[in-house]
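**Student:** generate a structure from the sequence data that follows.
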Amino acid sequence: MGNVNKNIWVFIIIMAAGLVIGGFIGTVFESIPYCSWLNYGKTFGLDQPVVLNLDIIIFSFSFSLKFSISGIIGMIIAIIVYKKI
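**Tutor:** Take a look at the predicted model:
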């Protein structure tokens, strides 16, 4: 049971790393004309933050995800790396 939980956390960390690295590569290559398609994607989330004002403390919540071609490629590579481990 403990080994299964460990594998899930390793999988989540590797997937997050693949998504971040893929997104970074897409951002770096977006200025190159023949590689600009790597940064093509869609953003999901809240456009305006949700604010809860209690006069003493103010909570602000915002959440956004950007999926791009390079991020998806990074996730696919992360799955391949995870299977090799």
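**Student:** use CA for all of it now, contacts and neighbours both
**Tutor:** Fine.
**Student:** pLDDT weak spots in this protein?
**Tutor:** Residue ranges of the chain with pLDDT under 70: 1-6.
**Student:** 90 instead, please
**Tutor:** By pLDDT under 90, the low-scoring segments of the chain are 1-10, 23, 26-49, 55, 63-68, 81-85.
**Student:** pull the number of nearby residues for residue 26.
**Tutor:** When neighbours are counted by other CA atoms under 10 Å, residue 26 registers 22.
**Student:** wouldn't it be in contact with residue 71 here?
**Tutor:** Yes - here residue 26 reaches residue 71: they are 7.4 Å apart, a contact under CA atoms under 8 Å.
**Student:** so the closest residue to residue 20 other than its chain neighbours: helix, strand or coil?
**Tutor:** Computed as CA to CA, 6 or more residues apart in numbering, the closest residue to residue 20 that is not its neighbour in sequence is residue 71, at 6.9 Å. Secondary structure state of residue 71, per DSSP: H, G, I helix; E, B strand; the rest coil, is helix.
**Student:** just checking, what packs against the helix or strand that contains residue 43?
**Tutor:** Taking DSSP states H and E as the criterion, residue 43 maps to strand 41-45. Packed against strand 41-45, as judged by 3 or more CA pairs under 8 Å, 6 or more residues apart in numbering; DSSP states H and E, are the following elements: strand 64-68.
**Student:** show me what contacts the nearest residue to residue 23 once chain neighbours are set aside?
**Tutor:** Of all residues not flanking residue 23 in the chain, residue 71 sits nearest, at 4.7 Å (CA to CA, 6+ apart). Residue 71 is in contact with 18-23, 26, counting by CA atoms under 8 Å, 6 or more residues apart in numbering.
**Student:** ends of stretch 53-63, how far apart?
**Tutor:** 18 Å (CA to CA, to the nearest Å).
**Student:** run the chain-centre distance for it.
**Tutor:** Put simply, stretch 53-63 sits 25 Å off its chain's centre (CA atoms, centre = their mean, to the nearest Å).
**Student:** could you pull up the residues touching residue 44?
**Tutor:** 64-66.
**Student:** how much space separates residue 39 from residue 75?
**Tutor:** Using CA to CA, residue 39 is found at 14 Å from residue 75.
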